[in-house]
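**Q** What would the 3D arrangement of this be:
(2 chains)
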Amino acid sequence: MVSPILLIALPLFFAFLIPLFKGAVKSIILILAFLINLTISILIFPYAIHKAIIVKIANFLPPVGINLFVGPVGITLSILISGIGLLGAIYLLKMEKTPPLNRFYALYLLMLLGATGMSLTGDIFNMFVFLEITTISAYGLTSYSKNEIGLEAGMKYLLIGSLGANLVLVGVILLYTTTGSLNMADIAMRINLVPKAVLTFAFILFFVGFGIEAELFPLNGWAPDALEGAPHSISILLSSVISKVGLYAFFRFIITVMGLTNVKDILIWFGIATLFIGELAALRQKSLKRLLAYSSIAQLGFIFSAISVGTSLAVRGALFHIVNHALLSGMMFLIAGSIIKDTNNWNIESLRGLGSKSRTLAFAFTIGALGTLGFPPLNGFWSKFMMILGMMKGKAIIPVYFILFASLIEAVYYLRLVYIVYFSKSEQSINRMPFAVAFPVIVVLILIFLLGFFPSLMNGMLTGGVKDVLNRSWYIMSVFGG
Amino acid sequence: MIFYIGSGLLIGIGLYGMLYKRNLIKIIIGLDFIETGVNILIISLCYVKGGTAPIFSLPSLKPSQMVDPLPQALVLTAIVIGVAVLAMALSIVVRIYDKRKTMDISKLKRLKW
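**A** Below is the predicted model of the structure:
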């Protein structure tokens, strides 16, 4: 079997190789790097979903050395990151022309490398370092296009993000001084040594630090700006994978490392607030990308509250929705980016007449909207159904009311978009769809239909993933027992 | 104890700078204060008065006199990351000044809810 450490080492190597090349070679290297990563992830996947793979770096045993924990959730996120990274890299060929492109490609690889590292690491300080790698590259990429929106969004993201990362660092060091270890499984074993007050303080620090990455309600002021102002290809990644990785890191710290189950009720309401305010804000947006950004934030809030409820069915649905939402929102941003580039109009009016100009894009956009709404038999239906059923089993009835009401608001603005796509005429011309746009859209469409008609394909990963998220003793056993 | 107070003060000043100042450069200085404060906090949490480096081959050295070296390694990493963030922030400020001819954050409000 291939060693999972290559998932982190190879992109790092390629990222610093790319600036040396000019011309078409750099694009080839970028696509090659993601192809290799995707292949390795898929090769490891069947092993990792049954039994977590522990990689001991330099063969120092876990409590002392740094280890990677390649569990079911980690490897799924890694497949998502490299897969969407690959589609984004193909999309980049047509969409991003501003020089210096080789530095852009290097940052692009570094950002996704950091995200892969965050989803695979088993060490809390390592988590901080990968968080910083991801976010620093993301600041650079957000402000890359050098227009006013991008620069302003990048500045905002930088100030909030690095403040949050510093808080995470303080939290990490508090856990270290009270338990004497940086290894996640080791801390999980000794969490009883930590005084109650310190644990609460560390919880707040991690909540703020990772909540910023996961786009939680009071902390997500940067998210719509960054998703709107970033280059189109970067918006895809920020909304579909980077935020998911932040969510994963948060729950890894709260559930596995700190074993907090009594904060459940507070976290559910934070998720609901994110969902509700996201939907309300999306309703009154005029800018297409900003509307999609708020919708994406709302879905993250839904996933967040489902994991907080903590019944196995809800977590199962949430993990499924992480995959589904990555595909759906990635595709929506991809289409939005290409339309905005063609019409040079950031408003939702740019969708006018799409139905008669480009049937494929209009169809894909409709499927994306209906899938996010949870329209059967698309993939979003199964995951939302599982999450709501799981929340009702977990006796969280009032949050379910809020979620259903928020879905109604969501239906209003998405169906309005679909109406604009098909039923309003305009004279704008949309160019023929280039391969770099058509290929990613069609691949994602196929995946959406596949998961929609055969949701049982995900069963193995979801069963493993629920164990990975909820079962602390299984986590500790996998690191030390085998 | 003086280290805790000092680092707490630095973090407090930094937060004040980030929240109440309008000039982008001052806000970034505030961010840097916070980073420095956090670094000092980390070092002082594991500081032993009169302690020395943990060299286990010296027979006269008792474990209670040894300073934990791990936080110092962590701080080294954190300092490098801080430098990177600072450089990134300043370069974005330069670009903003090029475009808008202002560094006042209250004038940058194209992006609102």
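
**Q** near chain B, which residues of the stretch 151-300 of chain A show up?
**A** Counting by CB under 8 Å from any CB of the partner chain, the stretch 151-300 of chain A comes close to chain B at A:151-156, A:158-159, A:162-163, A:165-166, A:169-170, A:173, A:176-177, A:182, A:224-225, A:228-229, A:281. Quick note: C-beta positions are derived from backbone N, CA and C, even for glycine.

**Q** Is there a quick ChimeraX command that grabs whichever of those are buried?
**A** The following ChimeraX line selects those of those that are buried, judged by 16 or more other CB atoms under 10 Å in any protein chain shown:
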select /A:151,152,153,154,155,156,158,159,162,163,165,166,169,170,173,176,182,224,225,228,229,281
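
**Q** Just the ones of the residues of the stretch 151-300 of chain A next to chain B in helices?
**A** A:151-156, A:158-159, A:162-163, A:165-166, A:169-170, A:173, A:176-177, A:224-225, A:228-229, A:281 (DSSP state H).

**Q** Secondary structure element holding the residue nearest the centre of chain B?
**A** Nearest residue to the geometric centre of chain B (CA atoms, centre = their mean): B:E35, 1.2 Å. Using DSSP states H and E, B:E35 maps to helix B:24-45.

**Q** If you count neighbours, what's buried in that helix?
**A** Applying 16+ other CB under 10 Å to helix B:24-45 flags B:24, B:27-45 as buried.

**Q** Within reach of chain A, which of those are there?
**A** Counting by CB under 8 Å from any CB, B:L24, B:I27, B:L31, B:I34, B:E35, B:V38, B:L41, B:I42, B:L45 from the buried residues of helix B:24-45 sit close to chain A.

**Q** which of the residues you listed has the weakest pLDDT?
**A** Within the set of these, pLDDT is lowest for B:L45 (83).

**Q** The spatially closest residue to that residue that is not a sequence neighbour and B:C46: what is the separation?
**A** Nearest non-adjacent residue to B:L45, counting by CB to CB, 6 or more residues apart in numbering or on different chains: A:T177, 5.0 Å away. Plainly put, A:T177 is 7 Å away from B:C46 if you go by CB to CB, to the nearest Å.

**Q** again, but for B:T52
**A** 13 Å.

**Q** Give me the common contacts of these two.
**A** B:V67 (CB atoms under 8 Å, 6 or more residues apart in numbering or on different chains).

**Q** And the helices in chain B, which stretches?
**A** Under DSSP H, chain B gives helices at B:2-20, B:24-45, B:70-100.

**Q** Packing partners of the first one?
**A** What it means is helix B:2-20. helix B:24-45 (3 or more CB pairs under 8 Å, 6 or more residues apart in numbering or on different chains; DSSP states H and E).

**Q** Residues contacting the helix it packs on, please?
**A** By CB under 8 Å, 6+ apart, helix B:24-45 touches A:155, A:159, A:162-163, A:166, A:169-170, A:173, A:177, B:3-4, B:6-11, B:13-18, B:21, B:71-72, B:74-75, B:78-79, B:82, B:85-86, B:89-90, B:93, B:96, B:103-105.

**Q** Between helix B:70-100 and that helix, find me the angle.
**A** If you take axes from the mean of the first three to the mean of the last three CA atoms, to 10 degrees, helix B:24-45 sits at 180 degrees to helix B:70-100.

**Q** Alpha carbons only: can I get helix B:24-45 in PDB?
**A** Once non-C-alpha atoms are left out, helix B:24-45 reads as follows in PDB (Å, rounded to 0.1, in the frame of the first residue of the first chain):
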ATOM      1  CA  LEU B  24      -4.700  49.800   8.400                       C
ATOM      2  CA  ILE B  25      -1.000  50.000   9.400                       C
ATOM      3  CA  LYS B  26      -2.000  50.500  13.100                       C
ATOM      4  CA  ILE B  27      -4.400  47.600  12.900                       C
ATOM      5  CA  ILE B  28      -1.600  45.400  11.600                       C
ATOM      6  CA  ILE B  29       0.700  46.600  14.400                       C
ATOM      7  CA  GLY B  30      -2.000  45.500  16.800                       C
ATOM      8  CA  LEU B  31      -2.100  42.100  15.200                       C
ATOM      9  CA  ASP B  32       1.700  41.900  15.600                       C
ATOM     10  CA  PHE B  33       1.300  42.800  19.300                       C
ATOM     11  CA  ILE B  34      -1.100  40.000  19.800                       C
ATOM     12  CA  GLU B  35       1.300  37.500  18.100                       C
ATOM     13  CA  THR B  36       4.200  38.700  20.300                       C
ATOM     14  CA  GLY B  37       2.000  38.500  23.400                       C
ATOM     15  CA  VAL B  38       1.000  34.900  22.600                       C
ATOM     16  CA  ASN B  39       4.600  33.900  22.100                       C
ATOM     17  CA  ILE B  40       5.700  35.300  25.400                       C
ATOM     18  CA  LEU B  41       2.800  33.600  27.100                       C
ATOM     19  CA  ILE B  42       3.800  30.200  25.600                       C
ATOM     20  CA  ILE B  43       7.400  30.600  26.800                       C
ATOM     21  CA  SER B  44       6.500  31.800  30.300                       C
ATOM     22  CA  LEU B  45       4.000  29.000  30.800                       C
END
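
**Q** Direction-wise, compare that helix with helix B:2-20 and give the angle.
**A** Using the same axes, to 10 degrees: helix B:24-45 against helix B:2-20 is 160 degrees.

**Q** Just checking the distance from helix B:24-45 to the centre of its chain.
**A** 3 Å (CA atoms, centre = their mean, to the nearest Å).

**Q** Then stretch A:208-216?
**A** For stretch A:208-216, the distance from its own C-alpha centre to the chain's C-alpha centre is 12 Å (CA atoms, centre = their mean).
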